[in-house]
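# Here you go, sequence then predicted model.
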Amino acid sequence: MWEKVVRKMRTGMMPPPGEPRPARGQIDAFSTQLEGRLDASLHARPNPGSKSLHRLNRTEYANAIRDLLAFDLDVTTMLPADDSAEGFDNIADVLSVSPTLVQSQVAAAMKISRAVTGETGMVPVLARYDGPGGAAQSGHLEGLPIGTRGGVRFTHYFPLDAEYEFRVSAGAGFRFAGTEAGPVRLDIAINGEPVKVDDPRRFRLRMKAGPQTVTVAFVEQRRAIGVDDLYARSVARPDNVENVTIQGPFDATGAGDTPSRRAIFICRPDKPADEAACARRIISHLSARAFRKPLSAQDPSIDVLMPFYEAGHREGGFEAGIQQALARILVDPRFLHRIEADRTDVSEGEAYRVSDVELASRLSFFLWSSIPDETLISIAARGGLSKPKVLEREVRRMLADPRSRALVDNFAGQWLRLRELANAQPEDRAFDDALRLAFEQETQMLFASIVNEDRSIVELLDADYTFLNERLAKHYGIEGVRGTFMRRVSLPADSPRRGLLGQGSILTVTSVGNRTSPVIRGAWVLESLLGAHVPQPPPGVEADLKEVPGESKPMSVRERLEMHRAAPSCAACHQIMDPIGFAMENFDLVGRWRDTDGSGPVNAKDTLADGTPVNGVNDLRRALLTRSEVFVTGASEKLLTYALGRRLEYYDQPAVRRIVTEASRDDNRFTSLVIGVVNSVPFQMKVRRPAEEPRLTAAAEGKQP
């Protein structure tokens, strides 16, 4: 209860709007005193919490396969979607296990093991890659060859040295030659090398096994300069590249030399008598990586896996045996779950530090959404992660690694709701796949700059730069940006585009299909940026903002909301959320700036819950910056939730406050927040579970096949 009091005072939500309010300094002083007493109370009996058996979500599964086997796969076609809680899909409590999931995991293990070992008896399979739709293909697309228009770029894994059939679908009206505008030619390339084919619609190529980058695009033969953009988007382009399919292998000549085979076959037997020893070495190497713990070839747990090798060997020889053993590793609970065994030398309910090997796994799934690398496991096996300087060095190394991109894609992608852009369908002709992609990239690149350049997390509120291409710059009304590639662009001090509040991604996902939503935008700022809880509407309350029958003129969203929150049952929440959303009303449902909303001039003036007057997004941004410590606290809570894979409880708040305090001494730099999370009690410790809670079975612990 007292933690809720602190939160409401820090965010300006208490005392309620309209009630007598002490001076800001008095409220802050009281909040600080209260936080100190709460911290002192829990410091004497720290509670790092506990969590359920933690299954890998499908993103972590895909990344683990990538790092274990050098194999990228589209996991969405293999495993069912994961549930989310607290805004993230890595929360242990909701990552349940069902018969359907188990069946999918078994099927995926068999398919992956065959592909990466290069099973020569594979039947031909079909893969499809879709191109962006509509006007997205009207110009050059980033990543495709210069001088081309539209198209698609992808990386395909060719499992064998073999022949593969390519099919290009380019719309019902597409012709490769003889159109009124002259010949229409495709530019087809493999790993950047042009491919010459007689019929670009359907052709076969002999490919080397392994991942290969394929691009298919139109040669740009004309450019309509000065044509109205809106008109150009309304004209259907029948010659867009809709999709490319690849089917194969056919007429295979061998398994080839692939990154996956090099990762698996770390030894080769010279004669049949050496096969079992080599197999045991390979299996122990793969198991140690997959199970995230040191294992020697003589480890008893390898005895569980060797019978699978032997069964495969009887059917097809050495490589078939490795394939069978690998499939067994990929369905092992020690791979599919983040297992931390309870210590038996502590009492039930007692807190203790996890082992260095377990800490290594926590660290890698936090920063990489994947398994630890050999360097991290080796340091952990020697007890090095118990040394603060070594631990900090590893954190910095891991943040500098390209795998830390997972913090952008998974953490920021969910915290900032970027994943929701894929399903956004605003009723606005300006919105298409090209704009959707630019929205997503702008926010991703801003967050990545905070991570990679170790900037203050507060810059997410007021960065003096953003990332634009020509399409997005025109959408924002910013001059001087040409071309399809995203680049860093400086913003003046009075620009409404500074920080997250002015970005099209946020503004689109916080709108509804046909209009803006000050309520959703206000709730998003409160929950995602300030960490405040916004309750659901009371049962029976009408939340639809329909036009009022009989009105002689259209009503603005603001006018309808003001009528709605006149009801006492609605006012308590809306008088907190709505002023924030109203301050953002100059942005339409897809983030364009507007001065009118169809019913008259936009009114972006209101008073925040703490009494601060605002008139537009710049005033709102300044108001949030005066509470920057609240924003840092909210961001730290999101980061800690994501790192732990569980909901935060009241007893986690002292850890959050310590993270914020330590980071403030280093200008709230992102690395400081991460190091604070990694050094925190809940990240490094756990509580021994009561005896009545479910335990792992012997099979799950790898003691029997």
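On my side now, so go ahead. Numbering: from 1, shown residues only.
# So which residues of the stretch 201-350 of the chain form strands?
202-207, 210-219, 243-254, 337-338 (DSSP state E, counting those that start in this stretch).
# how about low-confidence regions in the stretch 551-700 of the chain?
551-555, 561-572, 691-700 (pLDDT under 70).
# redo that, cut-off 50
696-700 (pLDDT under 50).
# now the chain
In the chain, residues with pLDDT under 50: 173-183, 224-237, 696-705.
# Break it down into its structural domains.
1-45, 50-118+260-350+688-705, 125-257, 401-509, 511-626 (automatic domain parsing).
# of the ones you listed, which approaches Ala360 most closely?
Taking Cβ to Cβ, domain 50-118+260-350+688-705 is the member of the domains of the chain nearest to Ala360, at 7.1 Å. For every residue, glycine as well, the C-beta is placed using N, CA and C.
# What are the boundaries of the strands in the stretch 1-150 of the chain?
54-55, 125-130, 148-158.
# Neighbours of Arg24, how many?
14 (other Cβ atoms under 10 Å).
# show me what contacts the closest residue to it other than its chain neighbours?
Of all residues not flanking Arg24 in the chain, Asp610 sits nearest, at 7.6 Å (Cβ to Cβ, 6 or more residues apart in numbering). By Cβ atoms under 8 Å, 6 or more residues apart in numbering, the residues touching Asp610 are 12-13, 21, 24.
# give me that answer again for 10 Å
When contacts are counted by Cβ atoms under 10 Å, 6 or more residues apart in numbering, Asp610 touches 9, 11-15, 17, 21, 24, 27, 576, 623, 626-627.
# repeat for Glu374
285, 288-289.
# Lys474: which element?
Assigned by DSSP states H and E, Lys474 falls within helix 470-476.
# which parts of that helix are buried?
470-473, 475-476 (16 or more other Cβ atoms under 10 Å).
# who does that helix touch, helix- and strand-wise?
helix 229-234, helix 433-452, strand 465-468, strand 487-490, helix 504-509 (3 or more Cβ pairs under 10 Å, 6 or more residues apart in numbering; DSSP states H and E).
# can I assume His156 is in contact with Tyr129?
Yes: the criterion here is Cβ atoms under 10 Å, and His156 meets it with Tyr129 at 7.5 Å.
# where do the contact lists of the two overlap?
214, 244, 246.
# Looking at those, state which has the most neighbours.
Val244 leads those on contacts (other Cβ under 10 Å) with 24 neighbours.
# So that one sits against Val214, correct?
Yes: in terms of Cβ under 10 Å, Val244 counts as a neighbour of Val214; the distance is 6.9 Å.
# Mutual contacts of the two, please.
Counting by Cβ under 10 Å, 6+ apart, the residues touching both Val244 and Val214 are 129, 152-154, 156, 166, 188.
# now, the most widely separated pair of those?
Spatially, the most separated pair among the shared contacts of Val244 and Val214 is Arg153 and Phe166, at 14.2 Å (Cβ to Cβ).
# of these two, who's got more company?
Neighbour count, other Cβ under 10 Å: between Arg153 and Phe166, Phe166 has more, with 23 against 18.
# what is the more buried one paired to in the beta sheet?
Beta-bridge partners recorded for Phe166 (DSSP bridges): Phe203, Ile246.
# And Gly531, how far from Asp89?
20 Å (Cβ to Cβ, to the nearest Å).
# I meant Ala255, not that one.
35 Å.
# same check, this time on Glu470
Counting by Cβ to Cβ, the gap from Glu470 to Asp89 is 34 Å.
# Now Gln414. Its backbone dihedrals?
The phi/psi pair for Gln414 (degrees, to the nearest 10) reads phi -100, psi -40.
# got the contact list for it?
Per Cβ under 10 Å, 6+ apart, neighbours of Gln414: 84, 86-90, 420, 638, 642.
# How about Ser361?
Taking Cβ under 10 Å, 6+ apart as the criterion, Ser361 is in contact with 54, 291-293, 338-340, 354-355, 371-372, 376-377, 380.
# Geometric centre of the protein: which residue is closest?
The centroid of the chain falls nearest to Asn410 when counting by Cα atoms, centre = their mean (1.9 Å).
# From Thr375, how far off is the residue nearest to it when sequence neighbours are not counted?
Spatial nearest neighbour of Asn410, chain neighbours left out: Ser369 (5.2 Å); criterion: Cβ to Cβ, 6+ apart. Separation of Ser369 from Thr375 (Cβ to Cβ): 18 Å.
# Which one's more surrounded, those two?
Higher neighbour count among Ser369 and Thr375: Ser369, with 25 against 12, using other Cβ under 10 Å.
# What sits closest to Lys605 if chain neighbours are left out?
Asn615 (4.4 Å).
# Number of residues surrounding Pro249?
Residues near Pro249, counting by other Cβ under 10 Å, number 23.
# Just to check, it is in contact with Lys208?
No: with contact defined as Cβ under 10 Å, Pro249 does not count as touching Lys208 (11.3 Å).
# circling back to that earlier point, what's the PyMOL line that selects buried ones from the contacts of Asp610?
Listed next is the PyMOL selection for buried residues among these, using 16+ other Cβ under 10 Å:
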select buried, resi 9+11+12+13+14+17+21+27+576+623+627
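# how far away is the residue in the chain sticking out farthest from the centre from Gly483?
Most distant residue from the mean C-alpha position of the chain: Ala273, 47.7 Å away (Cα atoms, centre = their mean). Distance, Ala273 to Gly483, using Cβ to Cβ: 63 Å.
# still on that earlier bit, tell me, what's touching Pro249 and Lys208 both at once?
Shared contacts of Pro249 and Lys208, counting by Cβ under 10 Å, 6+ apart, come down to 158, 160-162.
# Which of these sits closest to Thr633?
Phe158 (49.3 Å).
# quick one on the thing from earlier: out of the helices and strands packed on helix 470-476, which one sits most buried?
Across the helices and strands packed on helix 470-476, the average number of neighbours (mean count of other Cβ atoms under 10 Å) peaks for helix 504-509, which reaches a mean of 24.
# just checking, what packs against that one?
Using 3+ Cβ pairs under 10 Å, 6+ apart: helix 504-509 touches helix 433-452, helix 470-476, helix 518-524.
# try 6 Å this time
helix 433-452 (3 or more Cβ pairs under 6 Å, 6 or more residues apart in numbering; DSSP states H and E).
# Neighbours of the nearest residue to Gln324 once chain neighbours are set aside, how many?
Distance criterion Cβ to Cβ, 6+ apart; nearest residue to Gln324, sequence neighbours excluded, is Gly312 at 3.0 Å. Counted with other Cβ under 10 Å, the neighbours of Gly312 add up to 24.
# what about Gly312, distance to Val116?
Distance from Gly312 to Val116, counting by Cβ to Cβ: 14 Å.
# What is the distance between stretch 153-173 and the centre of its chain?
28 Å (Cα atoms, centre = their mean, to the nearest Å).
# got the CA coordinates for that stretch in CSV?
C-alpha atoms of stretch 153-173 as CSV (Å, rounded to 0.1, in the frame of the first residue of the first chain):
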residue,chain,number,x,y,z
ARG,A,153,15.6,-9.2,-50.1
PHE,A,154,15.9,-12.2,-47.9
THR,A,155,18.4,-14.9,-46.7
HIS,A,156,17.5,-18.5,-47.4
TYR,A,157,19.2,-21.5,-46.0
PHE,A,158,19.9,-24.1,-48.7
PRO,A,159,20.3,-27.4,-46.8
LEU,A,160,22.3,-29.3,-49.5
ASP,A,161,24.5,-28.7,-52.5
ALA,A,162,21.7,-29.2,-55.0
GLU,A,163,19.4,-27.7,-57.6
TYR,A,164,16.6,-25.4,-56.4
GLU,A,165,13.6,-24.0,-58.2
PHE,A,166,12.8,-20.2,-57.9
ARG,A,167,9.4,-18.7,-58.8
VAL,A,168,8.7,-15.0,-58.9
SER,A,169,5.2,-13.7,-58.5
ALA,A,170,4.9,-10.1,-59.7
GLY,A,171,1.1,-9.4,-59.9
ALA,A,172,-1.5,-10.3,-62.4
GLY,A,173,-0.7,-7.5,-64.8
